[in-house]
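>>> Provided below are the primary sequence and the corresponding predicted coordinates.
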Amino acid sequence: MRKSLVLPLMIAIGLLLAGCSKLTQYTVSEQEVNEYLQQHNEFERSLGVPGLVNANMALTQLKSDIGRAESGKVRLMGNALVDISSLLGREKASMTLTLQAQPWYDADQGAIYLKNMKVIDYQIAPEHLQSAFAVFAPYLDNTLKSYFDNRPAYVLDAANNKDEAMAKRLAKGLEVRPGQIVIPFTR
């Protein structure tokens, strides 16, 4: 009789513990971050030295990689269309970028920011522009850092559902786990 109660009791305890995690944390998946970035990304900037060399850039198709490549960090991969003009003429290019940042939670806004964003890799086509674009790399780093320091990568919206409303009200920071950002309700 005792042995027959052990398995159902273990299953009940497991289900109870699984249900309790919703009461202690809220999880934001890579997919949710990707959808938010697709809807709210408006990165279009002009970089360079006016009159000498300039690059107009629009960042598109951002995709997140949360906590997988480096523990505690978020990577973004995306494409950019670049229109470069200089004293030598004008040329269009396309880029693939890999960016990395430290996620940070702003409790007042209920928003996740990607702080200290930096470019960790880029490829540009046509390839002959690769070395020429190196001139823009420091400007691009500073511009992306400023943009993502001031633009959230995800905002909790109490109107979406009860769990998100509770997370916005009770959140105490965040943790980065592979594939997700966890917002705990206790420290």
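Sure thing, it's come through. Residues are numbered from 1 along each chain as shown.
>>> so how many other residues sit close to Y154?
Other residues near Y154 number 24, with proximity taken as other C-beta atoms under 10 Å. C-betas here are computed from N, CA, C, even on glycine.
>>> List the residues that contact it.
For Y154, the residues meeting the contact criterion (C-beta atoms under 8 Å, 6 or more residues apart in numbering) are V28, E32, V33, Y36, A111, I112, I181.
>>> Just the buried residues of these.
A residue is treated as buried here by neighbour count (16 or more other C-beta atoms under 10 Å); on that basis the buried members of those are V28, V33, Y36, A111, I112, I181.
>>> In TSV: the residues you listed, plus pLDDT, distance to V53 and secondary structure.
Rendered in TSV, the data for these read as follows (pLDDT from 0 to 100; distance: C-beta to C-beta, whole Å; DSSP: H, G, I helix; E, B strand; the rest coil):
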residue	pLDDT	distance to V53	secondary structure
V28	95	39	strand
V33	97	34	helix
Y36	96	34	helix
A111	95	35	strand
I112	96	35	strand
I181	96	38	strand
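>>> wait, what's in contact with the spatially closest residue to M95 that is not a sequence neighbour?
Among residues not flanking M95 along the chain, A80 sits closest, at 4.2 Å (C-beta to C-beta, 6 or more residues apart in numbering). The contact partners of A80, by C-beta under 8 Å, 6+ apart, come to M57, A58, L59, T60, S94, M95, T96, L97.
>>> I'd like the mean pLDDT over the one helix or strand A80 maps to, please.
With the criterion set as DSSP states H and E, the secondary-structure element containing A80 is strand 74-86. Across strand 74-86, pLDDT averages out at 93.
>>> Neighbouring strands of that strand in the sheet, and parallel or not?
Sheet pairing of strand 74-86 (DSSP bridges) gives strand 53-66 (antiparallel), strand 89-106 (antiparallel).
>>> what's the most buried one of those?
strand 53-66 (a mean of 19; mean count of other C-beta atoms under 10 Å).
>>> from the buried ones among the contacts of Y154, which is closest to L140?
When the buried ones among the contacts of Y154 are compared for distance to L140 (C-beta to C-beta), V33 wins out at 21.6 Å.
>>> now that closest one: how far from F43?
Distance, V33 to F43, by C-beta to C-beta, to the nearest Å: 15 Å.
>>> ok so, going back, tell me which two in the contacts of A80 are the farthest apart.
A58 and T96 (13.7 Å).
>>> Name the SS class of K115, please.
Each residue gets one of three states, and K115 gets strand by DSSP: H, G, I helix; E, B strand; the rest coil.
>>> tally of neighbours for it?
Using other C-beta under 10 Å, K115 is surrounded by 12 other residues.
>>> so who does it touch?
When contacts are counted by C-beta under 8 Å, 6+ apart, K115 is found next to A101, Q102, P103, W104, F148, D149.
>>> okay if I get the residues you listed as CSV plus pLDDT and distance to L129?
Shown next, in CSV, are the contacts of K115 (pLDDT from 0 to 100; distance: C-beta to C-beta, whole Å):
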residue, pLDDT, distance to L129
A101, 98, 26
Q102, 98, 30
P103, 98, 32
W104, 96, 34
F148, 97, 25
D149, 96, 28
